[in-house]
Every structure is written in C-alpha cells, then in structure tokens.
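Peer 1: 3D model of this:
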Amino acid sequence: MSAMTETSTSLKEPVRIDIIILSFAKNAELREMTETCLDSLLASESAQEIQFDIIVVESNHEAPVYPQAGVRTLYLPPPFNYHRYMNEGIKLTSGEYVAICNNDLYFHKGWATALLNAFATDAELYSASPACSRHHPINGFPLESGLYQGYRVLKEVSGWCLLFKRSMLEITGMLDERFYFWYADDDYARTLQKHGLKHVLVTSSVVDHLDSKTLKTHTSVRQRLMTKRAKYDFEEKWGDKGAFYLFRKRFKLYLQIPLYYVGLKKKR
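Peer 2: Below is the predicted model of the structure:
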C-alpha cells in the first residue's frame, strides 16, 4: 500500500500557474530588476509541484528576449496600457490559475504553494494576494497571521501581485482597459466586490514589492496627468459624479498642462 501511494504521488501532475509580468527594461538597471524578479520566481517552487508558464510583456522592443527556461517574451505595440497588456498575456495562456504581476517583485520560497492551499481549502475563493514583508507587517498584517478577507487596496488587495481563478473572468469579463496604469488595482477590487467574489490576503505567502524604478522614469508632471485621468475614469465608472462634472474636471486638467510644464502650477 505504501509503495502504491508513493508511485501515485510521483505521477501526480504539477499544478499550473500562468504568470503575466509587465516590464519596461529601458536601461540596464531596469533590465536587472526584471531578471531578478524572474530568477526569484523560478527558484521559489519545485517544478515537480508547480509549473509556471511565464509571459513577460516587454515595452522596450529593443530589449532581447528573456533567456530563463519557461519564459516567453511578448512585445506589444504602444501605447502602454497595463490592463490591455495583461489581457493579451492572459489570452495566450490557458491554465486554471492566473497571476498578474509587476516586475519589481521578489518571490519568496513557497509563495505559490501557500496561495494554492488557500484555494484548496475554500471553494468560494476566487482571488488572493500574497503579503509583502516590507509593507504588510507595518500596516497591521503580520506575516504568518492567517487569511484576511476584504477588498481594500494596499490592505487585503496587493495590486502588484494578484492570483485568481481563470473562471473568474467568465463572471467579470477581461480587465477593463480604460485603466492603463493608475487605479487598475482599485478597479479590480471594486469589480470583485460588485460580483460578490471572495478575495483574501494570505500572510503565509510572501512576495516583496520593491520600490518601482520604472515609475520614476516618468516626469512628475506626466505622473500627475496620468493619475488624474485615471481618477476621473474611475469616478465615471464607480462614482456618483455627473457627466458635466467629469467633463469640467477633464477640461480643466488639460487647460492646466502648459502651466505645469512652465512651473506656474504646483504639482500636488
């Protein structure tokens, strides 16, 4: 009986997780950040237990493909759109579980196993996030302290790394491409909440979110404009603001663009 159990265990197929990572390796430092992310990911789990199908969507079309085993490099036409790029990566995969990830991450050993264990013990669970050892403990979520259900961004929802059942998309549809960077995680969380789909933070799963160097390649003016545009799109979809209010806010924003660039308008 023992020999038969061992044989059946050895023949068990590994669980497949499709992972979509967005990268903009415009210089050596940013390329190294993506390489570190991939290396830590591939070293984090046993290939006999978990198989990663990894797609890196690389915005720098001059950058070479990533050489790590099991990694595909996808070059998509500009302009950059976080949700559109993620959607295109998702369409090229077919596994039961999908993870959408930033490239400024460091994956700790067993992070995926801990998330899969949460799904295995709760049939109602559709989405989960790992904890960050730099962020969550100082915000009231100690590591190894259990599961936390909720939809708060930077709390239960770690927008830099989200793992969900592919079947979730049959309910929610694909990611909303109006949100090309900012408010993407807010829209994800609000969509789960709208459909009553359970999400948890798993504090035994650890994926550290490092400081984003890609974001800092944009000027502060461009960051502000992108943030404001996304805010108004979010309010239009989820808020109670009228069409005239939002038109006025967008119109005012674009009128102020020259003032930001000449320094006559402060960036708050």
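Peer 1: T93 - nearest residue in space that isn't next to it in sequence?
Peer 2: D18 (3.6 Å; Cβ to Cβ, 6 or more residues apart in numbering). C-beta: built from backbone N, CA, C; applies to glycine.
Peer 1: Let me see the backbone angles for E144.
Peer 2: Dihedral pair for E144: phi 60, psi 30, per degrees, to the nearest 10.
Peer 1: Contacts only, for it.
Peer 2: For E144, the contacting residues are 203-204, by Cβ atoms under 8 Å, 6 or more residues apart in numbering.
Peer 1: low-scoring stretches of the stretch 51-200 of the chain, by residue?
Peer 2: Judged against pLDDT under 70, the stretch 51-200 of the chain has no low-scoring part.
Peer 1: In it, mark out all the strands, start to finish.
Peer 2: Taking DSSP state E, counting those that start in this stretch, the strands of the stretch 51-200 of the chain run over residues 71-74, 97-101, 105-107, 125-131, 147-149, 161-165, 198-209.
Peer 1: which one of these is the most hemmed in?
Peer 2: Ranked by mean neighbour count, those are led by strand 125-131 with a mean of 26 (mean count of other Cβ atoms under 10 Å).
Peer 1: The residue nearest to T93 falls within a helix, correct?
Peer 2: No - going by DSSP: H, G, I helix; E, B strand; the rest coil, the assignment for D18 is strand, not a helix.
Peer 1: For the nearest residue to L175 once chain neighbours are set aside, grab the count of nearby residues.
Peer 2: Of all residues not flanking L175 in the chain, H83 sits nearest, at 3.9 Å (Cβ to Cβ, 6+ apart). For H83, the count of nearby residues is 19 (other Cβ atoms under 10 Å).
Peer 1: list the contacts for H83?
Peer 2: 174-180, 184.
Peer 1: how far does stretch 94-107 sit from the chain's center?
Peer 2: Distance of stretch 94-107 from its chain centroid, counting by Cα atoms, centre = their mean, to the nearest Å, is 7 Å.
Peer 1: can I get the CA coordinates of that stretch in PDB?
Peer 2: C-alpha atoms of stretch 94-107 as PDB (Å, rounded to 0.1, in the frame of the first residue of the first chain):
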ATOM      1  CA  SER A  94      -5.000  28.500 -20.600                       C
ATOM      2  CA  GLY A  95      -4.200  27.300 -17.000                       C
ATOM      3  CA  GLU A  96      -6.700  27.200 -14.200                       C
ATOM      4  CA  TYR A  97      -4.800  29.900 -12.200                       C
ATOM      5  CA  VAL A  98      -3.600  33.200 -13.500                       C
ATOM      6  CA  ALA A  99      -1.200  35.700 -11.700                       C
ATOM      7  CA  ILE A 100      -0.800  39.200 -12.900                       C
ATOM      8  CA  CYS A 101       2.400  40.800 -11.600                       C
ATOM      9  CA  ASN A 102       4.700  43.800 -11.600                       C
ATOM     10  CA  ASN A 103       8.300  43.300 -12.500                       C
ATOM     11  CA  ASP A 104       9.600  44.900  -9.300                       C
ATOM     12  CA  LEU A 105       9.000  41.900  -7.100                       C
ATOM     13  CA  TYR A 106      11.000  39.300  -5.200                       C
ATOM     14  CA  PHE A 107       9.200  35.900  -4.700                       C
END
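Peer 1: Ramachandran angles for the spatially closest residue to V15 that is not a sequence neighbour?
Peer 2: Nearest residue to V15, sequence neighbours excluded (Cβ to Cβ, 6+ apart): I50, at 5.3 Å. Backbone torsions of I50, given as degrees, to the nearest 10, read phi -130, psi 130.
Peer 1: so where do the helices sit in the stretch 101-250 of the chain?
Peer 2: In the stretch 101-250 of the chain, the segments counted as helices under DSSP state H, counting those that start in this stretch are 111-121, 168-172, 184-195, 220-238, 243-261.
Peer 1: burial measure for M174, as a count.
Peer 2: Residues contacting M174 under the criterion other Cβ under 10 Å number 13.
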